[in-house]
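# generate a structure from the sequence data that follows.
(chains A, B and C)
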Amino acid sequence: MNAAAHPPLRTSVVVGSRTQSFPVGNYDLAATLTSGQAFRWNLTQEGWTGVIRRHWVRLRSEPSAINAEVAEPISNWDWLTGYLRLDEDLETILRSFPNDEPMQRAVAACRGLRLLRQDPWECLASFILSSTKQIIQIRQIVAQVCQCFGDELRSGDAGAPAYSFPTAARLAERSEAELRACKMGFRAPNLLATARKIAEGEVNLEQLHNLPTAEARAQLDSLPGVGRKIADCVLLFAYGKQSAFPVDVWVMKALQQLYFPRRKVKVERVHRFAATHFGPNAGYAQQYLFHYMRTKLSPKSKA
DNA sequence: GCCCAGGTGAAGC
DNA sequence: GCTTCACATGGG
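Numbering: from 1, shown residues only, chains lettered A, B, ... in the order given. The predicted model follows:
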């Protein structure tokens, strides 16, 4: 093969498509995108609009497929199939859950709920912003951070510009006051300090993929504003460490009510229980309990 | 007005 | 060791 015999075809070749359909079974896209893992999805008449890495994307759910649309033609959709974990066999995971009544009720109530596989930095930064905030407020703060410090991306929606999530390096060069302007309050110094540590290579987020869960957790835990809960969220939602079991106020409520109705439990007890009771996909089970508690058992959910 | 929100970290017993 | 408190901001 000789390069001269094959001049560049860039201008004449169709390099891809703006739309793609992915066959899926038992995938509740709406529940998945609103279950407090990711904070950048918006529902419009056209479907779910969001940004994955540097792709604006719109998703529409059909009974046995998810249809995707991007802003410009592409041929490689791995970034999307990876994010949605389309290669994962949900039935196998559900079968690994304990066969007790609370768990089975949660599974029945949240059919098709999935975990996503997110970018580690975006996930980490978003959850630093999440502490003692309602999900709706986290979404607002994250949106502002992207609009203020991210890059504007090619959007498929003329009326709504799209922004990338700003890199750690980008945030690292800002001041605390600039971050506070995004209404993140006392979380600003934490996000800034963590961004600087990541930008300077003190913690290498890519390397955590290769570490055992406990070691990856210890590295995340060393970052300002990151404790056990946020570390577990990142391990589960970005690194796919399925044994990570984030315990927040909702999961505490769920476990208290469903598994320890007679006595008051502490977080440490819940972690020990989770490590033995929920099996190898405990984190997945946690997401079912979290979503079940928030949408079906909470007083507000009746509205 | 009041309580709470996908917590963390430091200070006080 | 364990418990309490401050930290910004806004929703219900």
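# and the helix or strand containing A:Leu255 with DNA strand B, contact?
Assessed by DSSP states H and E, A:Leu255 sits inside helix A:249-259. Yes: for helix A:249-259 and DNA strand B, the contact criterion (CB under 7 Å from any atom of the strand) is met by A:Val249, A:Trp250, A:Val251. In this view, the C-beta of every residue, glycine as well, is placed from N, C-alpha and C.
# for the last one, give me its contacts.
To tie it back to what came earlier, the one meant is A:Val251. Counting by CB atoms under 8 Å, 6 or more residues apart in numbering, A:Val251 makes contact with A:Phe245, A:Val270, A:Gln286, A:Leu289, A:Phe290, A:Met293.
# how near is the fifth one to A:His55?
From A:Phe290 over to A:His55 the distance is 27 Å, taken as CB to CB, to the nearest Å.
# try the fourth one
Distance from A:Leu289 to A:His55, counting by CB to CB: 31 Å.
# same check on the first one?
In this structure, A:Phe245 lies at 31 Å from A:His55, with CB to CB as the measure.
# those two - which one has more neighbours?
When A:Phe245 and A:His55 are compared on other CB atoms under 10 Å, the one with more neighbours turns out to be A:Phe245, at 27 against 21.
# the more buried one in helix, strand or coil?
At A:Phe245 the chain is in coil, as set by DSSP: H, G, I helix; E, B strand; the rest coil.
# any idea how many residues pack against the nearest residue to it once chain neighbours are set aside?
Using CB to CB, 6 or more residues apart in numbering and skipping residues adjacent in sequence, the residue nearest A:Phe245 is A:Ala274, 4.2 Å away. Under the neighbour criterion other CB under 10 Å, A:Ala274 is assigned a count of 24.
# how confident was the prediction at A:Ala274?
Reading off the confidence values, A:Ala274 has pLDDT 97.
# please apply the same query to A:Pro8.
If you check A:Pro8, the pLDDT there is 48.
# what does the one 3 residues further on give?
In the prediction, the pLDDT value recorded for A:Thr11 is 55.
# same check on A:Arg263?
88.
# how near is it to A:Cys146?
Using CB to CB, we find A:Arg263 at a distance of 44 Å from A:Cys146.
# with A:Ala177 instead?
Distance of A:Ala177 to A:Cys146, given as CB to CB: 19 Å.
# more neighbours, those two?
A:Cys146 (22 against 8).
# what sits closest to that one if chain neighbours are left out?
Nearest to A:Cys146 is A:Tyr163, by CB to CB, 6+ apart, at 4.1 Å.
# could you do A:Arg54 as well?
Leaving aside its sequence neighbours, A:Arg54 sits nearest to A:Ser164 (CB to CB, 6+ apart; 5.1 Å).
# show me the contacts for that neighbour.
A:Val51, A:Arg53, A:Arg54, A:Cys146, A:Gly150, A:Asp151, A:Leu153.
# neighbour-wise, which one of those leads?
A:Cys146 (22 neighbours).
# for the nearest residue to A:Leu116 once chain neighbours are set aside, helix, strand, or coil?
Distances taken as CB to CB, 6+ apart place A:Gln37 nearest to A:Leu116, at 5.4 Å, with adjacent residues excluded. Local secondary structure at A:Gln37 is given as coil here, using three-state DSSP.
# please tell me how far A:Gln37 sits from A:Cys148.
Using CB to CB, one obtains 23 Å as the distance from A:Gln37 to A:Cys148.
# and these two? Which one has more around it.
The neighbour count for A:Gln37 versus A:Cys148, taken as other CB under 10 Å, is higher for A:Gln37 (26 against 15).
# per-residue pLDDT of the more buried one, please?
Per-residue confidence for A:Gln37 comes out at a pLDDT of 98.
# please identify the helix or strand for A:Cys233.
With the criterion set as DSSP H and E, the secondary-structure element containing A:Cys233 is helix A:228-237.
# buried residues in the longest strand belonging to chain A?
As assigned by DSSP state E, the longest strand anywhere in chain A is strand A:65-74. Taking 16 or more other CB atoms under 10 Å as the basis for neighbour counts, the residues of strand A:65-74 that come out buried are A:Ile66, A:Ala68, A:Glu69, A:Val70, A:Ala71.
# likewise stretch A:164-175?
A:Ser164, A:Phe165, A:Pro166, A:Thr167, A:Ala168, A:Leu171, A:Ala172, A:Arg174.
# one more: stretch A:241-261?
Going by neighbour count (16+ other CB under 10 Å), the buried part of stretch A:241-261 is A:241-248, A:250-255, A:258-259.
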